[in-house]
Each structure stands twice: as structure tokens, then as C-alpha cells.
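1. pasting a predicted model and its sequence here:
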Amino acid sequence: MKHRLSKIMTPILLCVVLTSTFTTVAFAVRYITYDGGLLDPVVEVENRLDYRIFHDCVDAWNSTDTPVEITSVPGSGHSYIISGQWDDTWYGLYTPRSRQYVLWGRAGKFKIELNRNTLVSESDTVRSSVLVHELGHAFCLDDNPSSRNSSIMNYDRDRDYLTWPTSDDVAGVNAAYAD
Ligand SMILES: [Zn+2]
């Protein structure tokens, strides 16, 4: 998400390509909650990707100690993850659908899009880092501008390395689904 607009007025999260700034200072990270995540973290998802990263990314979330449970399903009408070509700078885009209060609130399902224009020259590791990040939005985690590598939601995480939810991400998801 590039612009920190009012969440109520921001129906989608644009996860942009940002120039990474290395730092030797580590800050304590704490998750930021996003209100457009799923109402129910047990979700059926259609895989419409051209990349072969779907199952690894799903496993990365399903193996966390959280209520998250993603099942891959065929057909249409579910949440889905798709790749396509958009003439823009973002890697991934999360769109909540069927929100509780139409324009805001938790989502009944989601759409995640991966941009082949920006990912074409990247490795599957980078693509996985992007998809696991986008799935983080589905489980109520917001983009986090804090320090490098301590959250899959960090802008400046090392996408050639971090492809799994960290303990901070797990804490955030568990807090979002605590009740
Ligand atoms: Zn994001």
C-alpha cells in the first residue's frame, strides 16, 4: 500500500515496488491490523496463477499456529489468486470483496492479483514473498513500514529471502481472530 489513506476510503491495497534501504538498526516490530481481512480465516481459494508458487505459499500460512486454513478449490465464485499484466509498478494487489459494510469491514472473500509486468524477471522466491505478503492482508495484517525481515508485511523485507509469516505476523493474525 503506497498511500496511507483512510482505510474506509481505500478499497484495495497496492503493494508497490519500493527502493530498499538497508539499515543496521533493528527496530522492534509490531503488527498493524488491517480491517479488510477475512471475517473467517478458514477459506476456499481458487488458484489461477501462471506461477507454480501457490501451494508453497498456502502451506506457509497453513503451517502457522493460527486459525488460518486455506483450501485450494476448483470452480468460480470463491476467493481467488490470479496473475496478469498491469502497466503499473506494483507487485501484488489485495482486494477485499463482500465486505461487512459494503465499503469497509471484514471481507467475505478476496481477490489477489500478481503483476507479471513487475515479476517477470524475478525468482519464484520473490514471487512467493509477494504472495505470502498479500495473503497476510487476507488475514488482517496491514503493510508495515518497520524494520527489515522481521515481518512478511514489511515494505523493505528481503524478498529474495523471506517467504513465510514471522512470529510477529502470527501474533497479529491471532490477535485479529482472538474472539
Ligand atoms: Zn501490502
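-> Received it, and whenever you're ready, just let me know what you need.
2. residues touching the residue nearest the centre of the chain, list them.
-> Closest to where the C-alpha atoms of the chain average out (Cα atoms, centre = their mean) is residue 134, at 1.5 Å. Neighbouring residues of residue 134 by Cβ atoms under 8 Å, 6 or more residues apart in numbering: 15, 81, 92-94, 112, 114. Bear in mind the C-beta positions are built from the backbone N, C-alpha and C, glycine included.
3. at 7 Å what do you get?
-> Shown in contact with residue 134 (Cβ atoms under 7 Å, 6 or more residues apart in numbering): 15, 92, 94, 112.
4. give me the element the third one is part of.
-> Remark: residue 94 resides in strand 90-99, with elements defined by DSSP states H and E.
5. strands paired with that strand, and their directions?
-> strand 13-16 (antiparallel), strand 107-115 (antiparallel) (DSSP bridges).
6. rank those strands by pLDDT, which is bottom?
-> In terms of average pLDDT, strand 13-16 trails the rest of the strands paired with strand 90-99, at a mean of 70.
7. how about the nearest residue to whichever residue of the chain sits closest to the ion, chain neighbours excluded?
-> Nearest to the ion, among the residues of the chain, is residue 15, at 3.6 Å (Cβ to the ion). Once flanking residues are discounted, residue 15 sits nearest to residue 92: 4.6 Å by Cβ to Cβ, 6 or more residues apart in numbering.
8. okay, the one you found: pLDDT?
-> According to the prediction, residue 92 has pLDDT 97.
9. cool, and the one 3 residues further on?
-> On pLDDT, residue 95 comes in at 97.
10. longest helix of the protein?
-> In the chain, assigned by DSSP state H, the helix with the most residues is helix 124-138.
11. list the buried ones in it?
-> 125-138 (16 or more other Cβ atoms under 10 Å).
12. again, but for stretch 166-176
-> Those would be 166, 168-174, 176, for stretch 166-176 by 16+ other Cβ under 10 Å.
13. helix, strand or coil for the spatially closest residue to residue 72 that is not a sequence neighbour?
-> The spatially closest residue to residue 72, leaving aside those adjacent along the chain, is residue 47, at 5.6 Å (Cβ to Cβ, 6+ apart). Secondary structure, DSSP: H, G, I helix; E, B strand; the rest coil: residue 47 is strand.
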